[in-house]
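# show me how the following folds:
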Amino acid sequence: MGFYLIGNVGYLQVAAYILFVASVFKFFDNTNIRFFATFLFIGSLSFIYEIVCKSDFISSFILVATFIIFWHKKFTDNYFTKPLLLGLIVGFLCLTRSLVIIPLILFLLNPFIKANNSDKLKTVVGFLMSFSILLTTVIFPVKSFEYFKEFNPLQTQGQGSGFIMIFFLMSTVLISFFIENIQYVFFYSSIILFLLIGSFLVESVFKGITFNYLGITYLASSLPFAIIGYCFLVSEKLAVKSQINF
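All right, here's what the predicted structure looks like:
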C-alpha cells in the first residue's frame with residue numbers, strides 16, 4: 001500500500017526481490033544455493049518485464065512464498081502457535097491476488113483441520129478482521145454497486161471461467177491432504193499455478209484472443225515457488241551426498 005501512496009509501484013518489485021533474497025539466505029545454509037536462487041530470480045525475463053512495466057503482479061506471490069518460508073521456519077512444530085496473528089496475515093495476503101489462495105491452501109488447510117477448536121476460532125477471527133478491514137477500503141470509495149460488481153478485484157483479476165478456477169481449487173484442496181513436507185508445498189504450488197494460468201491462456205485462445213494480447217506474463221506467478229522448490233531439491237541431494245561421503 002505504501003508504494004501506491006508514493007506513486008511508484010516499481011519500487012514494490014525491488015522491495016519484494018530484497019525480501020525474497022533475504023528469505024532464501026535465511027532459510028538455506030548452502031552458499032551456492034543462495035546465490036543460485038538469487039541469480040535465477042533476477043535473471044528471469046518475466047521478473048525483468050515486471051520491473052520495466054512497473055507491475056505489482058508477481059510481488060503478491062513473492063510475499064506469499066516468503067511468508068510460507070518464514071512461518072515454517074519459525075513455527076515448524078505447530079503452525080498455529082499464534083493463530084490470531086496467522087489469521088490476520090492470511091486475510092491480508094488473500095486480498096493481494098485471488099490466486100494466492102492456492103499455495104495458502106496447500107500450506108495451511110491440512111494443519112488447520114488438525115488444529116484444536118480454540119486455534120481454529122482465533123485464526124478465523126483474525127482472518128475476518130483483516131479481510132473485512134481491508135475490504136472496506138475497496139467498498140467504501142465505490143460510486144455504486146453496479147460499478148463494484150463490474151470492477152471488483154475478483155472480476156478484474158480473473159483470467160478465465162469460474163469452472164476452471166473451481167476445478168483447480170478442488171484439486172488443490174485434495175492435494176493438500178497429501179502434503180508430506182514443506183518442499184511439496186512449493187512444488188505443487190508452482191505446478192498448479194502454472195497449469196491454472198496455462199488453462200486460462202488456452203481458453204483465451206479459443207475465445208479468439210490473439211497472441212499479442214495473451215497475458216503470458218501471468219505464468220510468472222509460479223516462479224518464486226519453482227525456484228524455492230528447486231532449492232529444496234538441491235539441498236536435499238547435497239544432504240544425502242554428504243551422509244554417503246561421511
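# below-threshold pLDDT in this protein: ranges please.
Applying pLDDT under 70 to the chain picks out residues 1-11, 54-55, 138, 140-160, 209-215, 242-243, 245-246.
# taking the centroid of it, which residue is nearest it?
Among the residues of the chain, the one closest to the centroid is residue 61, at 3.4 Å (CA atoms, centre = their mean).
# how much space between that residue and residue 16?
9 Å (CB to CB, to the nearest Å). Where you see a C-beta, it was placed from the backbone N, CA and C, and this is true even at glycine.
# tell me where the protein has helices.
With DSSP state H as the criterion, the chain has helices at 2-5, 10-27, 31-42, 45-52, 57-74, 83-94, 101-114, 117-139, 145-151, 153-157, 162-176, 182-206, 223-245.
# list the residues that contact the residue nearest to the centre of the chain.
With contact set as CB atoms under 8 Å, 6 or more residues apart in numbering, residue 61 has these partners: 97, 99, 100, 103, 193, 220, 221, 222, 223, 224, 225.
# residue 24: which of the residues you listed is nearest?
Nearest to residue 24 among those is residue 224, at 9.8 Å by CB to CB.
# give the closest residue to that closest one in space, chain neighbours not counted.
Nearest non-adjacent residue to residue 224, counting by CB to CB, 6 or more residues apart in numbering: residue 65, 4.0 Å away.
# correct me, but that neighbour touches residue 182?
No: look at residue 65 against residue 182 with CB atoms under 8 Å: they stay out of range, at 11.3 Å.
# who's more crowded, those two?
For residue 65 versus residue 182, neighbours defined as other CB atoms under 10 Å are more numerous around residue 65 (28 against 20).
# let me have the helices of the chain in TSV, extended by distance to residue 216.
Listed next are the helices of the chain as TSV, based on distance: least, CB to CB, whole Å:
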stretch	distance to residue 216
helix 2-5	25
helix 10-27	18
helix 31-42	18
helix 45-52	9
helix 57-74	12
helix 83-94	25
helix 101-114	19
helix 117-139	28
helix 145-151	24
helix 153-157	16
helix 162-176	17
helix 182-206	7
helix 223-245	13
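# since we're on the nearest residue to residue 100 once chain neighbours are set aside, how many residues are nearby?
Nearest non-adjacent residue to residue 100, counting by CB to CB, 6+ apart: residue 64, 4.7 Å away. Residue 64 has 26 neighbours, counted by other CB under 10 Å.
# got it, and the one 4 residues further on?
Other residues lying near residue 68 total 25 when counted by other CB under 10 Å.
# please name the nearest non-neighbouring residue to it.
The shortest distance from residue 68 to any non-neighbouring residue, by CB to CB, 6+ apart, is to residue 107 (5.2 Å).
# with residue 118 instead?
Excluding its sequence neighbours, the residue lying closest to residue 118 (CB to CB, 6+ apart) is residue 83, at 7.8 Å.
# the one you found contacts residue 112, correct?
No: Residue 83 is not in contact with residue 112 according to CB under 8 Å; the separation is 9.3 Å.
# between the two, which contacts overlap?
With CB under 8 Å, 6+ apart, residue 83 and residue 112 have common neighbours 120, 123.
# neighbour count for the two, which is higher?
Remark: of residue 83 and residue 112, residue 83 carries more neighbours, 23 against 19, as counted by other CB under 10 Å.
# distance of that one from residue 93?
Distance from residue 83 to residue 93, by CB to CB: 15 Å.
# excluding its backbone neighbours, what's nearest residue 89?
Closest to residue 89 by CB to CB, 6+ apart is residue 67, at 6.4 Å.
# number of residues surrounding the one you found?
21.
# residue 34 now?
A count of nearby residues for residue 34, using other CB under 10 Å, gives 17.
# my guess is it meets residue 23, correct?
No: the pair residue 34 / residue 23 is not scored as a contact, 10.5 Å apart, by CB under 8 Å.
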